[in-house]
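In: Test case, fold it:
(chains A and B)
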Amino acid sequence: AQRVTQPEKLLSVFKGAPVELKCNYSYSGSPELFWYVQYSRQRLQLLLRHISRESIKGFTADLNKGETSFHLKKPFAQEEDSAMYYCALTARAGTALIFGKGTTLSVSS
Amino acid sequence: NAGVTQTPKFQVLKTGQSMTLQCAQDMNHNSMYWYRQDPGMGLRLIYYSASEGTTDKGEVPNGYNVSRLNKREFSLRLESAAPSQTSVYFCASNGLVNEQFFGPGTRLTVL
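Out: Numbering: from 1, shown residues only, chains lettered A, B, ... in the order given. All right, here's what the predicted structure looks like:
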(Lines give C-alpha, C1' and ligand atoms only; values in the text may rest on other atoms or scores of the structure.)
Protein backbone atom coordinates (compact mmCIF):
# COMPACT_ATOMS: atom_id res chain seq x y z
CA ALA A 1 0.00 0.00 0.00
CA GLN A 2 1.09 3.56 -0.62
CA ARG A 3 2.08 5.27 2.58
CA VAL A 4 4.04 8.27 3.79
CA THR A 5 5.48 8.18 7.29
CA GLN A 6 6.71 11.18 9.22
CA PRO A 7 7.91 9.72 12.51
CA GLU A 8 8.14 12.98 14.46
CA LYS A 9 5.02 14.92 15.45
CA LEU A 10 7.07 17.76 16.87
CA LEU A 11 10.63 18.89 16.34
CA SER A 12 11.94 21.69 18.54
CA VAL A 13 15.28 23.33 17.78
CA PHE A 14 17.11 26.53 18.62
CA LYS A 15 17.73 29.23 16.06
CA GLY A 16 20.89 28.49 14.12
CA ALA A 17 20.76 24.74 14.75
CA PRO A 18 20.55 22.23 11.90
CA VAL A 19 17.17 20.76 11.08
CA GLU A 20 16.21 17.42 9.59
CA LEU A 21 12.58 16.45 9.17
CA LYS A 22 12.27 12.79 8.35
CA CYS A 23 10.04 11.26 5.69
CA ASN A 24 9.83 7.64 4.62
CA TYR A 25 7.54 6.29 1.98
CA SER A 26 6.14 3.02 0.79
CA TYR A 27 5.34 2.71 -2.90
CA SER A 28 6.02 -0.01 -5.40
CA GLY A 29 6.70 2.20 -8.41
CA SER A 30 8.51 5.49 -8.89
CA PRO A 31 6.52 8.17 -7.13
CA GLU A 32 7.02 11.89 -7.17
CA LEU A 33 7.83 13.27 -3.71
CA PHE A 34 7.03 16.69 -2.29
CA TRP A 35 7.37 18.77 0.83
CA TYR A 36 4.53 21.15 1.63
CA VAL A 37 4.61 23.78 4.37
CA GLN A 38 1.75 25.37 6.28
CA TYR A 39 2.47 28.48 8.31
CA SER A 40 0.14 29.32 11.16
CA ARG A 41 -3.47 29.63 9.95
CA GLN A 42 -2.38 29.78 6.29
CA ARG A 43 -2.98 27.52 3.33
CA LEU A 44 -0.57 24.77 2.38
CA GLN A 45 2.05 25.71 -0.14
CA LEU A 46 4.62 23.74 -2.02
CA LEU A 47 8.12 23.95 -0.59
CA LEU A 48 10.09 21.40 -2.62
CA ARG A 49 9.64 18.63 -5.11
CA HIS A 50 12.28 15.97 -5.65
CA ILE A 51 12.48 16.29 -9.42
CA SER A 52 13.45 19.97 -9.14
CA ARG A 53 16.49 19.30 -6.98
CA GLU A 54 16.47 22.92 -5.85
CA SER A 55 16.94 24.73 -2.55
CA ILE A 56 14.03 26.82 -1.31
CA LYS A 57 14.39 29.07 1.74
CA GLY A 58 17.60 27.18 2.53
CA PHE A 59 15.83 23.80 2.60
CA THR A 60 16.93 20.82 0.54
CA ALA A 61 15.62 17.29 0.24
CA ASP A 62 17.24 14.33 -1.44
CA LEU A 63 15.34 11.31 -2.60
CA ASN A 64 17.01 8.09 -1.45
CA LYS A 65 15.33 5.29 -3.34
CA GLY A 66 17.30 2.59 -1.53
CA GLU A 67 16.08 3.76 1.87
CA THR A 68 12.75 5.06 0.46
CA SER A 69 13.33 8.34 2.23
CA PHE A 70 12.95 12.01 1.37
CA HIS A 71 14.25 13.87 4.41
CA LEU A 72 14.06 17.67 4.53
CA LYS A 73 17.17 19.47 5.76
CA LYS A 74 18.32 22.97 6.58
CA PRO A 75 21.75 23.75 8.00
CA PHE A 76 20.71 26.75 10.12
CA ALA A 77 17.12 27.07 11.33
CA GLN A 78 15.41 30.46 11.53
CA GLU A 79 12.45 31.43 13.69
CA GLU A 80 10.36 32.06 10.59
CA ASP A 81 10.77 28.38 9.67
CA SER A 82 8.36 27.47 12.46
CA ALA A 83 5.45 25.76 10.71
CA MET A 84 3.81 22.43 9.96
CA TYR A 85 5.63 20.42 7.31
CA TYR A 86 4.00 17.67 5.28
CA CYS A 87 5.72 15.12 3.12
CA ALA A 88 3.60 13.82 0.25
CA LEU A 89 3.79 11.56 -2.74
CA THR A 90 1.88 11.00 -5.92
CA ALA A 91 1.98 8.19 -8.43
CA ARG A 92 1.67 10.30 -11.56
CA ALA A 93 0.94 13.78 -12.78
CA GLY A 94 -2.53 15.10 -12.11
CA THR A 95 -3.42 12.63 -9.39
CA ALA A 96 -4.12 13.03 -5.69
CA LEU A 97 -1.39 13.42 -3.12
CA ILE A 98 -0.88 11.02 -0.26
CA PHE A 99 0.21 12.97 2.78
CA GLY A 100 2.12 12.05 5.88
CA LYS A 101 0.69 13.13 9.22
CA GLY A 102 2.94 16.14 9.37
CA THR A 103 5.72 17.40 11.62
CA THR A 104 5.49 20.64 13.53
CA LEU A 105 8.81 22.47 13.51
CA SER A 106 9.30 24.93 16.35
CA VAL A 107 12.35 27.18 16.20
CA SER A 108 13.08 29.26 19.28
CA SER A 109 15.72 31.85 20.04
CA ASN B 1 -5.31 35.35 -10.46
CA ALA B 2 -7.13 34.49 -7.26
CA GLY B 3 -5.89 30.88 -7.40
CA VAL B 4 -8.11 28.56 -5.36
CA THR B 5 -10.89 30.18 -3.38
CA GLN B 6 -13.20 28.61 -0.81
CA THR B 7 -16.36 29.73 0.94
CA PRO B 8 -17.22 29.98 3.73
CA LYS B 9 -14.11 30.48 5.86
CA PHE B 10 -15.86 29.38 9.05
CA GLN B 11 -19.09 27.51 9.77
CA VAL B 12 -20.81 26.13 12.84
CA LEU B 13 -23.51 23.52 12.32
CA LYS B 14 -25.75 21.50 14.54
CA THR B 15 -25.81 17.73 14.21
CA GLY B 16 -28.07 16.76 11.34
CA GLN B 17 -27.87 20.04 9.47
CA SER B 18 -26.66 20.14 5.88
CA MET B 19 -24.34 22.50 4.07
CA THR B 20 -22.27 22.88 0.93
CA LEU B 21 -18.67 24.02 0.84
CA GLN B 22 -17.80 25.88 -2.33
CA CYS B 23 -14.49 25.83 -4.17
CA ALA B 24 -13.39 27.54 -7.35
CA GLN B 25 -10.10 27.83 -9.23
CA ASP B 26 -9.13 30.18 -12.03
CA MET B 27 -6.01 28.35 -13.25
CA ASN B 28 -7.78 26.20 -15.85
CA HIS B 29 -6.80 23.05 -13.97
CA ASN B 30 -8.40 19.74 -14.82
CA SER B 31 -8.01 18.06 -11.45
CA MET B 32 -9.61 19.19 -8.20
CA TYR B 33 -9.60 17.69 -4.72
CA TRP B 34 -11.20 17.92 -1.31
CA TYR B 35 -9.12 17.08 1.77
CA ARG B 36 -9.84 17.22 5.45
CA GLN B 37 -7.16 18.13 7.98
CA ASP B 38 -7.38 16.77 11.50
CA PRO B 39 -4.80 17.04 14.30
CA GLY B 40 -2.41 14.11 14.22
CA MET B 41 -3.98 12.73 11.04
CA GLY B 42 -2.48 14.95 8.37
CA LEU B 43 -4.54 15.59 5.26
CA ARG B 44 -6.86 12.89 4.03
CA LEU B 45 -8.50 12.82 0.64
CA ILE B 46 -12.29 12.89 0.68
CA TYR B 47 -13.16 13.07 -3.03
CA TYR B 48 -11.45 14.13 -6.19
CA SER B 49 -12.33 15.03 -9.76
CA ALA B 50 -9.80 14.23 -12.46
CA SER B 51 -11.71 16.24 -15.04
CA GLU B 52 -14.98 18.02 -15.56
CA GLY B 53 -17.83 15.55 -15.30
CA THR B 54 -15.98 12.91 -13.28
CA THR B 55 -15.68 12.36 -9.54
CA ASP B 56 -14.13 9.59 -7.47
CA LYS B 57 -13.97 8.61 -3.83
CA GLY B 58 -10.85 9.16 -1.83
CA GLU B 59 -9.78 7.73 1.50
CA VAL B 60 -12.62 9.08 3.67
CA PRO B 61 -15.74 9.68 1.51
CA ASN B 62 -18.47 8.54 3.92
CA GLY B 63 -20.93 11.28 4.83
CA TYR B 64 -19.96 13.51 1.89
CA ASN B 65 -21.03 14.12 -1.67
CA VAL B 66 -19.42 16.23 -4.36
CA SER B 67 -20.35 17.99 -7.56
CA ARG B 68 -18.00 19.11 -10.29
CA LEU B 69 -20.23 21.86 -11.58
CA ASN B 70 -17.87 22.93 -14.37
CA LYS B 71 -14.14 23.11 -14.88
CA ARG B 72 -13.77 25.90 -12.31
CA GLU B 73 -16.00 24.72 -9.47
CA PHE B 74 -15.99 21.69 -7.20
CA SER B 75 -18.38 21.64 -4.24
CA LEU B 76 -18.51 19.39 -1.20
CA ARG B 77 -21.82 18.65 0.50
CA LEU B 78 -22.54 17.35 3.96
CA GLU B 79 -26.09 16.02 3.91
CA SER B 80 -26.43 15.37 7.64
CA ALA B 81 -23.52 16.74 9.59
CA ALA B 82 -22.02 14.77 12.47
CA PRO B 83 -19.55 15.87 15.17
CA SER B 84 -16.95 13.56 13.57
CA GLN B 85 -16.98 15.90 10.57
CA THR B 86 -15.59 18.75 12.63
CA SER B 87 -12.43 19.55 10.73
CA VAL B 88 -10.65 21.96 8.46
CA TYR B 89 -11.50 21.35 4.82
CA PHE B 90 -9.12 22.20 2.02
CA CYS B 91 -9.84 22.30 -1.67
CA ALA B 92 -6.94 21.93 -4.11
CA SER B 93 -6.32 21.78 -7.83
CA ASN B 94 -3.51 20.92 -10.19
CA GLY B 95 -2.85 20.85 -13.88
CA LEU B 96 -0.37 18.86 -15.90
CA VAL B 97 2.51 19.76 -13.60
CA ASN B 98 2.13 18.07 -10.28
CA GLU B 99 2.13 21.09 -7.99
CA GLN B 100 -1.15 21.22 -6.12
CA PHE B 101 -2.51 24.61 -5.21
CA PHE B 102 -4.58 24.84 -2.08
CA GLY B 103 -7.41 27.07 -0.99
CA PRO B 104 -7.40 28.90 2.35
CA GLY B 105 -9.55 26.27 4.05
CA THR B 106 -12.95 26.13 5.74
CA ARG B 107 -13.02 25.59 9.49
CA LEU B 108 -16.15 23.58 10.26
CA THR B 109 -17.50 22.81 13.72
CA VAL B 110 -20.40 20.43 14.19
CA LEU B 111 -22.07 20.63 17.59
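In: Give me the number of neighbouring residues for the closest residue to residue B:11 other than its chain neighbours.
Out: The shortest distance from residue B:11 to any residue other than its chain neighbours is 5.1 Å, reached at residue B:108 (CB to CB, 6 or more residues apart in numbering or on different chains). (Glycine included, C-beta is placed from N, CA and C.) Counted by other CB atoms under 10 Å in any protein chain shown, the residues lying close to residue B:108 total 20.
In: and residue B:108, what does it touch?
Out: Shown in contact with residue B:108 (CB atoms under 8 Å, 6 or more residues apart in numbering or on different chains): B:10, B:11, B:12, B:13, B:21, B:81, B:85, B:86, B:87, B:88, B:89.
In: Look up which residues are beta-bridged to it.
Out: Residue B:108 forms beta bridges with residue B:11, residue B:87, as assigned by DSSP bridges.
In: Give me the distance between it and chain A.
Out: Residue B:108 is 15 Å from chain A, where distance means CB to the nearest CB, to the nearest Å.
In: for the closest residue in space to residue A:10 that isn't next to it in sequence, helix, strand, or coil?
Out: Leaving aside its chain neighbours, residue A:10 sits nearest to residue A:104 (4.9 Å; criterion: CB to CB, 6+ apart). What DSSP: H, G, I helix; E, B strand; the rest coil gives for residue A:104 is strand.
In: Next, count neighbours for residue A:104.
Out: Burial of residue A:104 is recorded as 15 neighbouring residues (other CB under 10 Å).
In: from what I can see it touches residue A:13, true?
Out: No - counting by CB atoms under 8 Å, residue A:104 stays clear of residue A:13, with 11.6 Å between them.
In: Phi and psi next, for residue B:21.
Out: Here is the backbone geometry of residue B:21 (degrees, to the nearest 10): phi -100, psi 130.
In: pLDDT below threshold where in chain A?
Out: Applying pLDDT under 70 to chain A flags residues A:93-94.
In: try it again with 80
Out: Scanning chain A with the threshold set as pLDDT under 80 gives A:1, A:28-29, A:51-53, A:92-95.
In: and it, which of its residues are near chain B?
Out: Residues of chain A that fall close to chain B, judged by CB under 8 Å from any CB of the partner chain: A:6, A:9, A:32, A:34, A:42-46, A:49, A:86, A:90, A:93-102.
In: Would you show me how to pick out the buried ones of those in ChimeraX?
Out: Per 16 or more other CB atoms under 10 Å in any protein chain shown, the buried members of those correspond to this ChimeraX selection:
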select /A:6,32,34,43,44,46,49,86,90,94,95,96,97,98,99,100,101,102
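In: Among the residues of chain A next to chain B, which ones are in helices?
Out: Nothing among those maps onto helices, per DSSP state H.
In: what's the neighbour count on the residue lying closest to residue B:38 once chain neighbours are set aside?
Out: Nearest residue to residue B:38, sequence neighbours excluded (CB to CB, 6+ apart): residue B:87, at 5.3 Å. Other residues near residue B:87 number 21, with proximity taken as other CB under 10 Å.
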